[in-house]
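J.: Quick one: sequence and predicted model below, then my questions.
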Amino acid sequence: MNQERLLKVIVAPVISEKATMVGEKRNQVVFEVLPDATKAEIKAAVELLFKDQVKGQELVVGAVNVVNVKGKEKRHGRFIGRRKSVKKAYVSLLKGDINFVEGVA
């Protein structure tokens, strides 16, 4: 796979109450990814981006589950618009740990 493509696949981590709960219970991390990203690309991108951040042990990515979330329809006065649709990836970690809030007390 093209390394430039892999660096663009992951858009942002999802920081929410549900993502934190899933992280604690199932050792999963949630990312917002490109709409055309495949599971194989997501797995390769996570291993490429976070292999240096895991201290003391190697980052091993297990399963990757993908969810397409449709944007909500919203009104602003008489005008109707729609929020953007996103694709989320739930990445299961077998070893290692990814910490997004590093250095914050």
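T.: Looks like it came in fine.

J.: Is Val67 in contact with Lys39, as I believe?
T.: No: using CB atoms under 8 Å, Val67 is not in contact with Lys39; the gap is 11.8 Å. Every C-beta, even on glycine, is put in place using the N, C-alpha and C of the backbone.

J.: okay, these two: which has more neighbours?
T.: The residue with more neighbours, out of Val67 and Lys39, is Lys39; 14 against 10, by other CB atoms under 10 Å.

J.: Got the confidence number for that one?
T.: The model reports Lys39 with a pLDDT of 93.

J.: check contacts around it.
T.: For Lys39, the contact set (CB atoms under 8 Å, 6 or more residues apart in numbering) comprises Val64, Val66, Ala89.

J.: Now for Val67 and Lys39: what residues contact both?
T.: Among the neighbours of Val67, those also in contact with Lys39 (CB under 8 Å, 6+ apart) are Ala89.

J.: Distance-wise, check the residue located most distally from the centre of the chain relative to Leu59.
T.: No residue in the chain sits farther from the centre than Arg78, which is 35.1 Å out by CA atoms, centre = their mean. Distance, Arg78 to Leu59, using CB to CB, to the nearest Å: 50 Å.

J.: count of neighbours near Lys72?
T.: Look at Lys72: counted by other CB under 10 Å, it has 10 neighbours.

J.: And the pLDDT at the residue nearest to Glu41 when sequence neighbours are not counted?
T.: For Glu41, the nearest residue in space outside its immediate sequence neighbours is Val9; the separation is 5.1 Å by CB to CB, 6 or more residues apart in numbering. Looking at Val9, its pLDDT is 95.

J.: Can you pull out the low-pLDDT segments for the protein?
T.: Counting by pLDDT under 70, the chain contains low-confidence residues at 52-58, 96, 99-105.

J.: Could I get the contacting residues of the residue nearest to the spatial centre of it?
T.: Nearest to the geometric centre of the chain sits Phe31, at 1.1 Å (CA atoms, centre = their mean). Contacts here follow CB under 8 Å, 6+ apart; on that basis Phe31 touches Ile10, Val11, Ala12, Pro13, Val14, Ile42, Val46, Lys88, Ala89, Val91.
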